[in-house]
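1. Sequence first, then the predicted structure, then my questions.
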Amino acid sequence: MTTTTLAVLVPLLPFLGAVAGLLLGRSVPGLARPLAVLPTLTSLVLAALVAARQGGDAAVDASTQLTPTGSVPIDLALHIDGFAALVAVLVGLVASCVQIYSTGYLHDDPRYPSYAALVSLFTSAMLLVVYSGDLMVLLVGWEIMGICSYFLVGHCWETPEARAASLKAFLVTKLGDVPFLIGLFALAADAGSFRITTVLKAVADGGLDHPTLVALLLLAGVAGKSAQFPLHTWLPDAMAGPTPVSALIHAATMVAAGVYFVARILPVIAASQAALVVLAVMAAATMAGSALAALAQDDIKRVLAYSTIGQLGYMTGALAVGDRGAAVFHLLSHGAFKALLFLAAGVVIHAAGTNSLAAMSRMRSLRDRVPDAYWTMTVALLALAAIPPFSGFFSKEAVLGAAEHAATGHAGPVPGAAGWIVLVAGLATALLTAAYATRLWLRAFHGTGADAPDHGRQPVTMTAVLWVLAVPSLAFGIAVGTLPDWFDGHELAPKLTTSVLGTGLALAGALVTYGAWRHTTARAARPPIGAVAAHPEADGGQVEAAAIATHTPAYGDVASAPDPADPGRLLLGPLHRHAAAGFHLDAVYAALFVRPVQAGARLVRFLDREVVDTYVRGAGTAPRLLGAAVRRAQTGNVQTYLSALLAGTVVLAVAAVLVATAGA
């Protein structure tokens, strides 16, 4: 079987599994799980075969023209280089782990068949984006992921949080997709083709007439899809969906699509220095702001959501300094350990029995109750904090090294300002990332909150995939040094300066957070002056139960009672309240956009009802009144009719006499 045939089957198999699951999943429940797992696993194997055959050598290209459009042609094309081959393997691996994990996590969910089919469709759409060699075909996968995220985030549609989160995710990403679509058309108009290879050749030949405009339009779509500032606010709220969906969205689909797209067409963005600076500023604001927000969240999934936003900022920062190898390297590394983090968090939530217990302030004694999640999540958090020798260290240092290279003026046309912006923000974020990773680990597994009910040992389908993902989280960074051909031949080994600075700042952030945790825990355990210490069992646990009952925040609630043992409050000080609320960006957007639109809608409704409808009602009332008057004249009495006829004759005669007299 040729490489092209194998590549076609990679996105096709999950698509067929999705169709079969939607058609047969409910009528034949026993088929739902095989239809979810087997096509995705087979797609993973085929993607690995495609990667092995591609081997980091020349790209595999194949195409066939669709129906002629009469202008710019659209081709059903494949373009598989080293980046595409590796990203497809990541997508297949994470999607397979999510499907296997979901068989246990959603074992009793009556809507599991439709959920699993949508996950397969989601996977197929991302694989189409990865392998596509035509921008319009890529757009198809891009938009299918948007609608899949809407349904999957809103899977628990009975809750208002899930409904609101799914709608918000859809609308915010569409807000970016509109300029993105315009940018694609403008790019194709300049290059004369939607084929990626043709577009890149036109860029190399200086064929773009409006490089800055095209680049900025495309970056708007990337900001929405990859949750970059200022269109990132949908991603934390999307945590209302099932945890496996969060793992899929954050690790290998949806948010990774924007970064991968820019990596694929980076010469288009690099044709404008202004666009590179804008991308660098966007990355810096995303990195620093999301890290501060993560340090203030109480919900474990929201911490991981803001973490994803920040790590995507590292990737876009690498692209801003012109190094797509470092960006894709971090995308692959992050995909493994972020999927592990979310799935391990799902084990913690599943052990507690409800999503509302994802608040870290209520976690206690979890280390011994979920040992698989504890050890694997420790590995993933070390990778997230970029501690050597875990994978995150190597990929994050590749980004910082690329930024240093650009800052010192060794990155060709890349502005030095972009390099300095990414480097400074990246180092500051390294400190904050280690701080919130340490805080999460301490509060989730060594917390002093109330004991949650023990729901027994977790299914093996959930715990086994954690160890599978722990392997690349630990070893991928070391192994990648043997695969330079897959990354444009770039050397991705850590640089001494950024390695020392980055690791030093990460260790400092971890140590300071640990010290703050010890201080706040001791202070919280100390009884207030003058208080009478009661025996913990004197009331049969009723006081503690009442405290738990009154401290059950809604999902993502940032206005809950403060936790005195939270080191984030001590570290952030007065900034904590604003960081916990995402720096009030939702309120700003509501004031600037939502309320004016609602006011305009109310005005239109008023004009429609009180002005337009008034004329319409008037136009109908006048004939109705005339008809009523005429109807009253139809009495059916012949004498009345003759009297009216006689009176009319007399009136006409008098009028004729008056006219004749006036004429004389």
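-> Everything's here; your move.
2. where does Arg526 land on pLDDT?
-> Note on Arg526: pLDDT of 68.
3. pLDDT below threshold where in the stretch 301-450 of the chain?
-> Applying pLDDT under 70 to the stretch 301-450 of the chain flags residues 352-358, 364-365, 448-450.
4. Please disregard the earlier target; I meant the stretch 451-600 of the chain.
-> Judged by pLDDT under 70, the stretches of the stretch 451-600 of the chain that qualify are 451-456, 480-484, 489, 525-562.
5. go with 50
-> 531-560 (pLDDT under 50).
6. residues in contact with Ala406?
-> Ala406 is in contact with Val321, Gly322, Asp323, Val414, Pro415, Gly416, Ala418, Gly419, Val422, Leu423, counting by Cβ atoms under 8 Å, 6 or more residues apart in numbering. Using the backbone N, CA and C atoms, a C-beta is placed for each residue, glycine as well.
7. what's the answer for Lys168, then?
-> Contact partners of Lys168, counting by Cβ under 8 Å, 6+ apart, are Thr233, Trp234, Asp237, Ala238.
8. So which of the contacts of Ala406 is the closest to Thr197?
-> Gly322 (19.7 Å; Cβ to Cβ).
9. Which members of the contacts of Ala406 occur in helices, if any?
-> Counted as lying in helices by DSSP state H, out of the contacts of Ala406, are Gly416, Ala418, Gly419, Val422, Leu423.
10. Do I have it right that the first one meets Gly409?
-> Yes. Contact criterion Cβ atoms under 8 Å: Gly416 and Gly409 qualify, at 5.3 Å.
11. the more surrounded of these two?
-> A count of neighbours by other Cβ atoms under 10 Å puts Gly416 above the other of Gly416 and Gly409, at 14 against 11.
12. Convert stretch 97-113 to PDB, retaining C-alpha atoms only.
-> Output of stretch 97-113 as PDB, limited to C-alpha atoms (Å, rounded to 0.1, in the frame of the first residue of the first chain):
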ATOM      1  CA  CYS A  97      -6.100   7.400  24.900                       C
ATOM      2  CA  VAL A  98      -9.200   9.700  25.200                       C
ATOM      3  CA  GLN A  99     -11.500   7.100  23.600                       C
ATOM      4  CA  ILE A 100     -10.200   4.300  25.800                       C
ATOM      5  CA  TYR A 101     -10.300   6.500  28.900                       C
ATOM      6  CA  SER A 102     -13.900   7.600  28.100                       C
ATOM      7  CA  THR A 103     -15.200   4.000  28.100                       C
ATOM      8  CA  GLY A 104     -14.600   4.000  31.800                       C
ATOM      9  CA  TYR A 105     -15.100   7.700  32.600                       C
ATOM     10  CA  LEU A 106     -18.500   7.800  30.800                       C
ATOM     11  CA  HIS A 107     -19.400   4.200  31.400                       C
ATOM     12  CA  ASP A 108     -22.900   5.000  32.700                       C
ATOM     13  CA  ASP A 109     -23.600   8.000  30.500                       C
ATOM     14  CA  PRO A 110     -26.700   7.400  28.300                       C
ATOM     15  CA  ARG A 111     -25.400   9.800  25.700                       C
ATOM     16  CA  TYR A 112     -22.000   8.000  25.400                       C
ATOM     17  CA  PRO A 113     -22.600   6.700  21.800                       C
END
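13. which residues touch it?
-> Counting by Cβ under 8 Å, 6+ apart, 21-22, 25-26, 29, 32-33, 36-37, 40-41, 115-116, 119-120, 155, 242-245, 247-248, 339, 343, 346, 350, 458-462, 464-465, 468-469 sit against stretch 97-113.
14. in that stretch, what's buried?
-> Neighbour-count burial for stretch 97-113 flags Cys97, Val98, Gln99, Ile100, Tyr101, Ser102, Thr103, Gly104, Tyr105, Leu106, Tyr112, Pro113 (criterion: 16 or more other Cβ atoms under 10 Å).
15. if we can go back for a sec, got a ChimeraX select line for the buried ones in the contacts of stretch 97-113?
-> To isolate the buried members of the contacts of stretch 97-113 in ChimeraX, using 16+ other Cβ under 10 Å:
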select :21,22,25,26,32,33,36,37,40,41,115,116,119,120,155,242,243,244,245,247,248,339,343,346,350,458,461,462,465,468,469
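16. Quick one: the buried residues of stretch 97-113 as JSON lines, columns for distance to Arg631 too.
-> JSON lines is the format used below for the buried residues of stretch 97-113 (distance: Cβ to Cβ, whole Å):
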{"residue": "Cys97", "distance to Arg631": "78"}
{"residue": "Val98", "distance to Arg631": "73"}
{"residue": "Gln99", "distance to Arg631": "73"}
{"residue": "Ile100", "distance to Arg631": "77"}
{"residue": "Tyr101", "distance to Arg631": "75"}
{"residue": "Ser102", "distance to Arg631": "71"}
{"residue": "Thr103", "distance to Arg631": "74"}
{"residue": "Gly104", "distance to Arg631": "76"}
{"residue": "Tyr105", "distance to Arg631": "72"}
{"residue": "Leu106", "distance to Arg631": "68"}
{"residue": "Tyr112", "distance to Arg631": "66"}
{"residue": "Pro113", "distance to Arg631": "63"}
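17. among those, which are in helices?
-> Those of these lying in helices (DSSP H): Cys97, Val98, Gln99, Ile100, Tyr101, Ser102, Thr103, Gly104, Tyr105, Tyr112, Pro113.
18. Same list, these, but as a markdown table with distance to Tyr436 and pLDDT please.
-> What follows is those, written out as a markdown table (distance: Cβ to Cβ, whole Å; pLDDT from 0 to 100):
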| residue | distance to Tyr436 | pLDDT |
| --- | --- | --- |
| Cys97 | 24 | 95 |
| Val98 | 24 | 96 |
| Gln99 | 29 | 96 |
| Ile100 | 29 | 96 |
| Tyr101 | 24 | 94 |
| Ser102 | 27 | 93 |
| Thr103 | 31 | 92 |
| Gly104 | 29 | 89 |
| Tyr105 | 25 | 88 |
| Tyr112 | 33 | 93 |
| Pro113 | 37 | 93 |
